[in-house]
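Trainee: Kindly generate the corresponding structure for this input.
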Amino acid sequence: MSIDRIVLGFAGTMILVSIVLAIFHNIHWLWFTAFVGANLLQSSVTGFCPLAIVLRKLGVRPGVAFQ
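Mentor: Take a look at the predicted model:
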């Protein structure tokens, strides 16, 4: 699995978890959803993603987006 797929899977999981927490715990968890979305947007523009850096150092195979 490449860094790209891991980053997208992690972001999708965090969004879904925060939505469930917003429904069942506290509506303010939607701020976390907004943060994840904003991070995805900025990484698509700049190419900078902290998770991709960590994964690269762990030896995960690079993908097309995060090399």
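
Trainee: Of all the residues in the biggest helix by length in the chain, which ones are buried?
Mentor: The helix spanning the most residues in the chain, taking DSSP state H as the definition, is helix 3-24. By 16 or more other Cβ atoms under 10 Å, the buried positions in helix 3-24 come out as 3-4, 6-7, 11, 14-15, 18, 21-22. Where you see a C-beta, it was placed from the backbone N, CA and C, and this is true even at glycine.

Trainee: Where does residue 31 fall, secondary structure wise?
Mentor: Using DSSP states H and E, the element containing residue 31 is helix 30-46.

Trainee: Next, the angle from the helix or strand following that helix to helix 3-24.
Mentor: Using DSSP H and E, the helix or strand that follows helix 30-46 in sequence is helix 50-57. If you take axes from the mean of the first three to the mean of the last three Cα atoms, to 10 degrees, helix 50-57 sits at 140 degrees to helix 3-24.

Trainee: Which neighbouring elements make contact with helix 50-57?
Mentor: For helix 50-57, the packing partners by 3 or more Cβ pairs under 8 Å, 6 or more residues apart in numbering; DSSP states H and E come out as helix 3-24.

Trainee: tell me the contacts of residue 40?
Mentor: Contacts for residue 40 (Cβ atoms under 8 Å, 6 or more residues apart in numbering) come out as residue 11.

Trainee: mind checking pLDDT for it?
Mentor: As predicted, residue 40 sits at a pLDDT of 92.

Trainee: cool, and the one 5 residues further on?
Mentor: At residue 45 the predicted local confidence, pLDDT, stands at 92.

Trainee: tally of neighbours for it?
Mentor: If you count neighbours by other Cβ atoms under 10 Å, residue 45 ends up with 7.

Trainee: For it, give its distance to residue 38.
Mentor: Per Cβ to Cβ, to the nearest Å, residue 45 is found 11 Å from residue 38.

Trainee: From residue 19, how far out is the most centrally placed residue in the chain?
Mentor: Geometric centre of the chain, nearest residue: residue 11, 2.9 Å, by Cα atoms, centre = their mean. Residue 11 sits 13 Å away from residue 19 when distances are taken as Cβ to Cβ.
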